[in-house]
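take this sequence and fold it.
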Amino acid sequence: MTESVVLFDGVCNLCNGFVQFVIARDSRRRFRFGALSSDAAVRLMACAGMTTGRGDSLILIEGGRAYLRSAAALRVARDLGFPWSLAYTLIAVPRPLRDWAYDVVARHRYQWFGRRDACMVPGPTTQGRFLD
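So this is what the prediction gives:
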């Protein structure tokens with residue numbers, strides 16, 4: 001599989017900002033995107049052996065495997081090229097510490113960054129990058 005799928009909280013402003021950030025820097029068009037609440041996301045998570053309803057804000061499905069929390073964000077950064085790929089060096093930080101920091105932001109994401117009433121609707125130039 002040459003592409004990976006980023007599943008995100010479609011009503012979270014921080015998550016939507018992250019998706020826009022990735023789209024703008026993903027020159028190889030490696031990533032596709034889907035809202036965690038979509039039927040396509042549920043099917044992908046099931047294929048990767050995940051159950052839904054975990055409250056995750058970001059999941060990366062890559063090669064049939066699911067990456068969660070800090071591992072997902074760092075793996076996405078790794079594939080964006082220089083200088084963003086340098087963030088992947090944080091993978092050396094022990095996972096419990098990385099995930100603790102990730103969880104603090106995820107737990108407060110609506111307070112700090114706001115929330116939308118509905119999932120983001122992709123524009124005509126990016127529509128093909130989103131799951132149906």
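
can you list the low-confidence ranges for the protein?
1-2, 52-56, 120 (pLDDT under 70).

in the longest helix anywhere in the chain, what's buried?
Longest helix of the chain, by residue count under DSSP state H: helix 95-113. Neighbour-count burial for helix 95-113 flags 98-99, 102, 106, 109-110 (criterion: 16 or more other CB atoms under 10 Å). From N, CA and C alone the C-beta is placed, and that goes for glycine too.

next: stretch 16-36.
Using 16+ other CB under 10 Å as the test for burial, stretch 16-36 gives 16, 18-19, 22-23, 26, 31-36.

ok, which pair from those is furthest apart?
Spanning the widest gap among the buried residues of stretch 16-36 are 26 and 36, at 19.4 Å by CB to CB.

might one say that residue 101 is in contact with residue 74?
No: using CB atoms under 8 Å, residue 101 makes no contact with residue 74, being 11.6 Å away.

ok so, going back, between the buried residues of stretch 16-36, which is closest to residue 45?
residue 36 (8.3 Å).

could I get the phi/psi values of the closest one?
The phi and psi values for residue 36, taken as degrees, to the nearest 10, are phi -60, psi -30.

any chance of the buried residues of helix 95-113 in TSV, plus distance to residue 89?
Below are the buried residues of helix 95-113 laid out as TSV (distance: CB to CB, whole Å):
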residue	distance to residue 89
98	12
99	17
102	16
106	22
109	24
110	30
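
and residue 6, what does it touch?
19, 22, 31-34, 58-60, 72, 76 (CB atoms under 8 Å, 6 or more residues apart in numbering).

just say helix, strand or coil for it.
Following DSSP: H, G, I helix; E, B strand; the rest coil, residue 6 is assigned to strand.

to what extent is the residue nearest to residue 122 when sequence neighbours are not counted buried, counted in neighbours?
Leaving aside its chain neighbours, residue 122 sits nearest to residue 130 (4.8 Å; criterion: CB to CB, 6 or more residues apart in numbering). Here the count is done by other CB atoms under 10 Å, and residue 130 has 19 residues near it.
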